[in-house]
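Trainee: predicted model and sequence follow; I will ask about them next.
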Amino acid sequence: MTLRASRNARRALLQGFTTVRDMGSTGFVDVALARAVAQGWIEGPTVIPVGHYITITGGHCDLTGFAPGILERGPEGGVADGPDEVLKAVRYQIKHGAQWIKVCATAGVFSFEGPAGAQQYSEAEIRVAVEEAARHGLRVAVHAHGTDGIMASLRAGVASIEHGSMLTPEAIALMKERGVWLVPQAYLFDSMDPATLPPAVRRKFEQMAPLAKRSQEQAIRAGVRIAFSTDGPLEKNDPWREFGALVAPGMTPAQALQSATIRAAEFLMLPDRGTLAPGLLADVIAVAGDPTRDVTAMRKVRFVMKAGVVIERPEH
């Protein structure tokens with residue numbers, strides 16, 4: 001995982017991403033990667049790590065399918081049941097370098113634990129994570145597909161909803177009222193061939209894909225704050241593909257670009273980047289073409305500067 005992370009970090013940087021939020025790694029690989037980049041050991045974006053994502057036993061973000069006793073994890077590894085264990089899990093991630101906290105509030109699509117939208121953490125458990133993170137100056141992002149888990153997360157005070165596949169008018173109104181961000185990973189469902197999935201996963205995929213696209217359309221029309229993000233391995237989901245997936249449900253190319261620059265910087269509370277202005281970090285990229293007319297131009301990044309340093313690119 002560490003070697004793959006190092007490769008992917010440079011790959012993301014060459015594709016024009018100079019700051020990333022990593023949404024969960026085993027063994028604090030993301031924290032180690034963040035430190036290695038900061039110390040100049042490897043080339044990559046500035047990494048904002050979460051440590052282990054926090055999940056119920058057997059939930060979407062737990063490692064399942066092994067024999068009993070194999071790779072069992074507790075709160076230190078992000079598997080926590082009940083408010084007390086959630087509290088311990090949050091504290092442990094922060095102790096070892098997490099700069100955000102991620103909670104898996106609902107089941108997922110590409111796993112075997114049950115209906116994709118099923119709520120897995122109670123509002124009380126999520127609230128414990130939010131309140132403890134806030135004491136340390138951190139915020140909470142939640143993986144949430146289903147409406148019940150989304151609403152519980154919003155009431156608990158989270159900062160972002162990741163996926164948000166089953167949004168309702170009530171959920172959208174509450175997101176706007178509380179300034180909660182949607183991080184949709186819009187290309188996720190386009191990146192998979194349903195025919196390659198196990199039958200149980202394929203059924204969830206086919207149920208959730210149209211709901212997710214509809215939710216994205218509704219959120220864009222309603223003016224929900226949206227931040228750019230990807231999901232899945234870079235080989236299948238290179239970041240440039242996400243721009244087109246955001247334009248498809250209703251964003252303009254300029255809005256899609258802003259979701260990865262000025263809006264993302266606002267979301268991550270990083271005022272020193274995201275725009276070009278004197279005194280800010282000189283993070284600059286250049287592409288072949290005009291992405292405000294054709295957003296697929298983001299595929300052809302030709303120049304990357306991070307903090308005023310030009311990143312040497314391999315010869316093609």
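Mentor: Sure thing, it's come through. Residues are numbered from 1 along each chain as shown.
Trainee: please, which helix or strand holds the residue nearest to Ala307 when sequence neighbours are not counted?
Mentor: Excluding the flanking residues, the one nearest Ala307 by CB to CB, 6 or more residues apart in numbering is Leu281, at 5.2 Å. C-betas here are computed from N, CA, C, even on glycine. If you go by DSSP states H and E, Leu281 is not part of any helix or strand.
Trainee: what's the burial count for Leu281?
Mentor: Leu281 is flanked by 20 other residues according to other CB atoms under 10 Å.
Trainee: for it, grab phi and psi.
Mentor: Backbone torsions of Leu281, given as degrees, to the nearest 10, read phi -60, psi 140.
Trainee: what of Thr46?
Mentor: Torsion angles, degrees, to the nearest 10, at Thr46: phi -60, psi 130.
Trainee: can you count the residues close to it?
Mentor: Thr46, neighbours per other CB under 10 Å, totals 20.
Trainee: list the residues that contact it.
Mentor: Taking CB atoms under 8 Å, 6 or more residues apart in numbering as the criterion, Thr46 is in contact with 18-20, 34, 37-38.
Trainee: which of those residues has the largest number of neighbours?
Mentor: In terms of neighbour count, Val20 stands highest of the contacts of Thr46 at 25 neighbours, by other CB under 10 Å.
Trainee: for that residue, which non-adjacent residue is closest in space?
Mentor: Pro45 (4.6 Å).
Trainee: what's the distance between that neighbour and Glu242?
Mentor: 15 Å (CB to CB, to the nearest Å).
Trainee: likewise for Gly58?
Mentor: For Gly58, the distance to Glu242 equals 30 Å [CB to CB].
Trainee: of those two, give the one with the bigger neighbour count.
Mentor: Glu242 (26 against 15).
Trainee: quick one: the strands in the stretch 151-300 of the chain?
Mentor: 160-163, 181-183, 284-287 (DSSP state E, counting those that start in this stretch).
Trainee: now do the shortest one, average pLDDT.
Mentor: Over the span of strand 181-183, the pLDDT mean works out to 98.
Trainee: report the buried residues of that strand.
Mentor: Using 16 or more other CB atoms under 10 Å as the test for burial, strand 181-183 gives 181-183.
Trainee: quick one: contacts of that strand?
Mentor: Contacts for strand 181-183 (CB under 8 Å, 6+ apart): 141, 159-164, 167, 175, 219, 224-229, 267.
Trainee: what do you get for the first one?
Mentor: In this structure, residues lying in contact with strand 160-163 by CB under 8 Å, 6+ apart are 23, 102, 139, 141-145, 150, 153-154, 175, 180-185, 188, 212, 227, 229, 267.
Trainee: narrow those residues to just the buried residues.
Mentor: Among those, those buried by neighbour count (16+ other CB under 10 Å) are 23, 102, 139, 141-145, 150, 153-154, 175, 180-185, 188, 212, 227, 229, 267.
Trainee: what's the span of stretch 142-150 from first residue to last?
Mentor: 8 Å (CA to CA, to the nearest Å).
Trainee: I'd like the distance between Ala156 and Glu123.
Mentor: Plainly put, Ala156 is 5 Å away from Glu123 if you go by CB to CB.
Trainee: which one's more surrounded, the two?
Mentor: More neighbours surround Ala156 than the other of Ala156 and Glu123, with 22 against 18 (other CB under 10 Å).
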